[in-house]
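> give me a model of this one.
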Amino acid sequence: EIYQCDWSSDVCSSDLFKNAAEQKEAGSTPAAQYYADKTARGLGYKDAAEQTAAGKLSAADYRATQAGFKNAGDQALATAANQDSTTYYTAKAAKDAGFSNVADYQKAKGTSAPDYYAQLVGFNSAAEQKDATGLGLTNDIAKAQGYANAAEMYGVYKDALDEGFKGTPTQAIADFKTAL
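Model prediction:
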């Protein structure tokens, strides 16, 4: 006959180790935790807690996010370039925005890459630079006409147009200067 039953002492299969070697390896870790951690390590996680924290992310992607990256691929590219996450994403943003380097990207402060580079050579915008190029205004032509560069000559040409002078840039500027 059973007079009293202590159900807390019942043993479940999850409480048992498969063999003595695993029990020795686990030390004081309960069997259920030992096997959960072992499974997680097989998937690349440090342990079951890390696997839970990662949610749907792979172990590599989870660790990358912990280091400030969006994914393991970005982290690998940054590591190959010897960059931390901030440096990597700044360089990536600069490249994606069309800048040739991070310094220009940071100096531009919100200006588009085409406008920034046009401004470096004296134009107000990339549209002006494109217009000047379409008109055949080059630095060589501008210098032959006594201007520092194509941007300066283009500015005088725009002034001539604003005053109603027409024709090629050289002709409109000549007429404009004569009228002054």
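> below-threshold pLDDT in this structure: ranges please.
1-15 (pLDDT under 70).
> show me where it has its helices.
Taking DSSP state H, the helices of the chain run over residues 20-26, 31-42, 48-54, 59-66, 72-80, 85-96, 102-108, 113-120, 126-134, 139-144, 150-162, 169-179.
> what comes up buried for the shortest one?
Taking 16 or more other Cβ atoms under 10 Å as the basis for neighbour counts, the residues of helix 139-144 that come out buried are 139, 142. In this view, the C-beta of every residue, glycine as well, is placed from N, C-alpha and C.
> now do the fourth one
For helix 59-66, a neighbour-count test (16+ other Cβ under 10 Å) marks 59-65 as buried.
> cool, the first one as well?
In terms of neighbour count (16+ other Cβ under 10 Å), helix 20-26 has its buried residues at Ala26.
> contacts made by that helix with the rest, please.
The contact list for helix 20-26 (Cβ atoms under 8 Å, 6 or more residues apart in numbering) reads 17, 31, 34.
> can you check the fourth one too?
Applying Cβ under 8 Å, 6+ apart, the set of residues contacting helix 59-66 from outside is 43-45, 50-51, 53-54, 57, 70-72, 74-75.
> just checking, Ala97 touches Tyr105?
Yes. Between Ala97 and Tyr105 there is a contact at 6.3 Å, judged by Cβ atoms under 8 Å.
> now for these two: what residues contact both?
With Cβ under 8 Å, 6+ apart, Ala97 and Tyr105 have common neighbours Ala113.
> of the two, who's got more company?
Tyr105 (21 against 14; other Cβ atoms under 10 Å).
> if we can go back for a sec, from the contacts of helix 20-26, which single one is nearest Ala142?
Tyr34 (78.3 Å; Cβ to Cβ).
> just list the residues touching the closest one, thanks.
Contacts of Tyr34 (Cβ under 8 Å, 6+ apart): 17, 22, 25-26.
> what about it, distance to Thr52?
For Tyr34, the distance to Thr52 equals 16 Å [Cβ to Cβ, to the nearest Å].
> same check, this time on Leu77
From Leu77 to Thr52 the distance is 28 Å (Cβ to Cβ).
> with Asp175 instead?
Shown here: Asp175 relative to Thr52, a distance of 79 Å by Cβ to Cβ.
> these two: which has the busier surroundings?
The neighbour comparison of Asp175 against Thr52 (other Cβ under 10 Å) goes to Asp175, with 15 against 11.
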